[in-house]
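**Q** Got a predicted structure here, sequence first:
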Amino acid sequence: MPKSDRIVLVALLSVLVLVTGAIYLTGYGVDETNPLTAEDSLLMTQTNARRAHAPKRQKYYQEPTVVAERFPFDPNTADSTQLLRLGLQPWQVRNIYKYRAAGGVYRRPKDFAKLYGLTVKQYRELEPYIRISADYRPASTLVEDEKPYVRDTVRYPAKIHEDEHIVLNTADTAALRHVPGIGPYYAKEIVRYGKLLGGYVSVDQLDEIDRFPTSAKKFFVIENPSPRMLNVNRLSLNELKRHPYINFYQAKAITEYRRLHGNIKSLYDLRLSKDFPPEAIERLLPYVEY
């Protein structure tokens, strides 16, 4: 083939290729089964481009709110469905399950108020509907229910009223424990000190007991005192000093006076001794005989 023909043939093939490419690119010759035409494709392309550059609109909508229901429930046995219906949050329900799984028990309605995140308003709304089963009460209440409490009057005697009194110089420990403020210890101390004295002649002698509750003195009275008497002319030094109101030096002064002057006719005979001041003589007088 001459050179000129080859040039013409190449030019025709080039034109054919260009036309075919143009037809393909512009949509002509597309499969008829494709529902989109060339115009539709172009419109779609332009629409997508505008949407890509257009600012996104925020959708505003109201989320549906859960209306809390009110019905009797036991926090020890209520399931998750019931707890959610009461208006509790899922994480609160999980905390209740964890508490019960760890052995926790709601023994009274106020125990439910400890639930984390529960507000005062929520608790006050739920409190009238909380029902704690008797199965979750302490087992010790079974004994209390079967046997009513009876006060132990031996260990815990009933106390007397303000207008009642106990005779101090004749009362035993059982009677003394009826006095407000007097327990077993002070009851024994009162009796013990009374024996050392030889009997009480004054309520104020209770102040001589270490740390005695002075408020209890108003409940005591003295009636017909008859103290045990000390014969200061016959007793030895050791016998004399056993009395709470006579110490060693006073007992020695009595025996020395007897040795030097004979029998004592009155305690005032000892008033010149430095061991017998007036107050010592006065408190010892009810217990002395000659």
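**A** The structure has been received and is ready for your questions.
**Q** Run through the helices of this structure in chain order.
**A** Using DSSP state H, the helices of the chain run over residues 3-26, 38-53, 80-85, 90-101, 120-126, 140-146, 173-176, 184-197, 237-240, 248-261, 278-284.
**Q** Just give me the residue closest to the centre of this protein.
**A** Centroid-nearest residue in the chain: residue 111, 12.3 Å away (criterion: CA atoms, centre = their mean).
**Q** still on that earlier bit, could the helices of the chain be laid out in CSV, adding distance to residue 68 and mean pLDDT?
**A** For glycine as for every other residue, the C-beta is placed from the backbone atoms N, C-alpha and C. Shown next, in CSV, are the helices of the chain (distance: least, CB to CB, whole Å; pLDDT from 0 to 100):
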stretch, distance to residue 68, mean pLDDT
helix 3-26, 65, 75
helix 38-53, 43, 63
helix 80-85, 7, 92
helix 90-101, 12, 92
helix 120-126, 8, 90
helix 140-146, 33, 64
helix 173-176, 63, 93
helix 184-197, 58, 95
helix 237-240, 89, 95
helix 248-261, 86, 94
helix 278-284, 80, 94
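**Q** TSV for the ones you listed, including mean neighbour count and distance to residue 163?
**A** TSV is the format used below for the helices of the chain (neighbours: other CB atoms under 10 Å; distance: least, CB to CB, whole Å):
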stretch	mean neighbour count	distance to residue 163
helix 3-26	10	122
helix 38-53	10	99
helix 80-85	15	59
helix 90-101	14	55
helix 120-126	13	47
helix 140-146	9	35
helix 173-176	16	17
helix 184-197	15	21
helix 237-240	14	42
helix 248-261	15	41
helix 278-284	14	30
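**Q** Would you reformat those as JSON lines and include distance to residue 166?
**A** Shown next, in JSON lines, are the helices of the chain (distance: least, CB to CB, whole Å):
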{"stretch": "helix 3-26", "distance to residue 166": "125"}
{"stretch": "helix 38-53", "distance to residue 166": "103"}
{"stretch": "helix 80-85", "distance to residue 166": "62"}
{"stretch": "helix 90-101", "distance to residue 166": "55"}
{"stretch": "helix 120-126", "distance to residue 166": "52"}
{"stretch": "helix 140-146", "distance to residue 166": "34"}
{"stretch": "helix 173-176", "distance to residue 166": "6"}
{"stretch": "helix 184-197", "distance to residue 166": "10"}
{"stretch": "helix 237-240", "distance to residue 166": "31"}
{"stretch": "helix 248-261", "distance to residue 166": "32"}
{"stretch": "helix 278-284", "distance to residue 166": "23"}
